Every structure is written in structure tokens, then in C-alpha cells.
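Asker: Below are the sequence and a predicted model for it; my questions follow.
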Amino acid sequence: MTIPKADSEKMRRLAKEGKQISKIWADDFPELEYLDVYWEVYGSGGRSSQGIKRMITERLNSLVGANKAERKIIVAEIDGLVWHLYSNHKQNQQKLEKIRNILGE
């Protein structure tokens, strides 16, 4: 299904703001299929912080039964996810600082 660019951007923005994909689908785009919303958000590289936390948890849990080669791959994935969270956090701090400066706090 083709999703209009404005809707796609709204989905990605909501996910970046931390809204769960299931909530984006139910609240904002109930006329679409859940998977369409999911792929639109994840296909664009957008991920919510909660989604990334879940991904990290899943990867950590999978380490238990993994062999040595699989562990290296999983650890690399976790590293990438943690850096993504860190980068988002730093960007949010900068945005907050700008807002505070504008407000004169």
C-alpha cells in the first residue's frame, strides 16, 4: 500500500517522540493495516526509545543460548542500538537547551 508522504512523516515523527507503533496505528491511522504503519516507521530508520529498549532486551536475552560467533554479532547490534539512544539523548538535550535559552530560563 502506498502511504502519502505527509502521513509517512507524521508516523516517523510520532515514533521519534516516543509514541508506540501500536498507538500510532490505533490512534492516528486505524484505516491502515498495522504492518503498513510498522514498516513505514522501521523502514525509514525511525525507532521509538521504547522500541529500541525492547530490541536491546531481546538481544541481551538471546545472548544466553548463542554461540561465540553469534554473540559477537549480537553485541555489535546492541552497541549500535545503545549509540542510537545516546545520540537521540544528546540531540534532545541540545533542543531543550535552545528552548530554555529562548524562554530565558
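Answerer: Everything's here; your move.

Asker: buried ones in the helix of greatest length in the chain?
Answerer: The residue-count maximum for a helix in the chain (DSSP state H) belongs to helix 68-103. Within helix 68-103, the residues scored as buried using 16 or more other C-beta atoms under 10 Å are Ile74, Ile78, Leu81, His84, Asn88. Placement of C-beta: from N, CA and C, glycine included.

Asker: just the residues you listed now: which is nearest Ala6?
Answerer: Sorting the buried residues of helix 68-103 by distance to Ala6 puts Asn88 at the head of the list, at 23.3 Å, by C-beta to C-beta.

Asker: what's the neighbour count on the nearest residue to the closest one once chain neighbours are set aside?
Answerer: By the measure of C-beta to C-beta, 6 or more residues apart in numbering, the closest residue to Asn88 outside its immediate chain neighbours is Ser49, 6.8 Å from it. Summarising burial for Ser49: neighbours were counted as other C-beta atoms under 10 Å, giving 16.

Asker: Ser49 contacts Tyr86, correct?
Answerer: No: between Ser49 and Tyr86 there is no contact, the gap being 11.2 Å when judged by C-beta atoms under 8 Å.

Asker: quick one: common contacting residues for the two?
Answerer: Both Ser49 and Tyr86 lack any common contact, where contact means C-beta atoms under 8 Å, 6 or more residues apart in numbering.

Asker: For Ala76, see how far away the residue nearest to Asn88 is.
Answerer: Distance from Ser49 to Ala76, counting by C-beta to C-beta, to the nearest Å: 20 Å.

Asker: lowest confidence element among the helices and strands of the chain?
Answerer: helix 34-43 (a mean of 81; mean pLDDT, DSSP states H and E).

Asker: Check the gap between the residue nearest to Asn88 and Gln20 for me.
Answerer: 10 Å.

Asker: Done for today, thanks.
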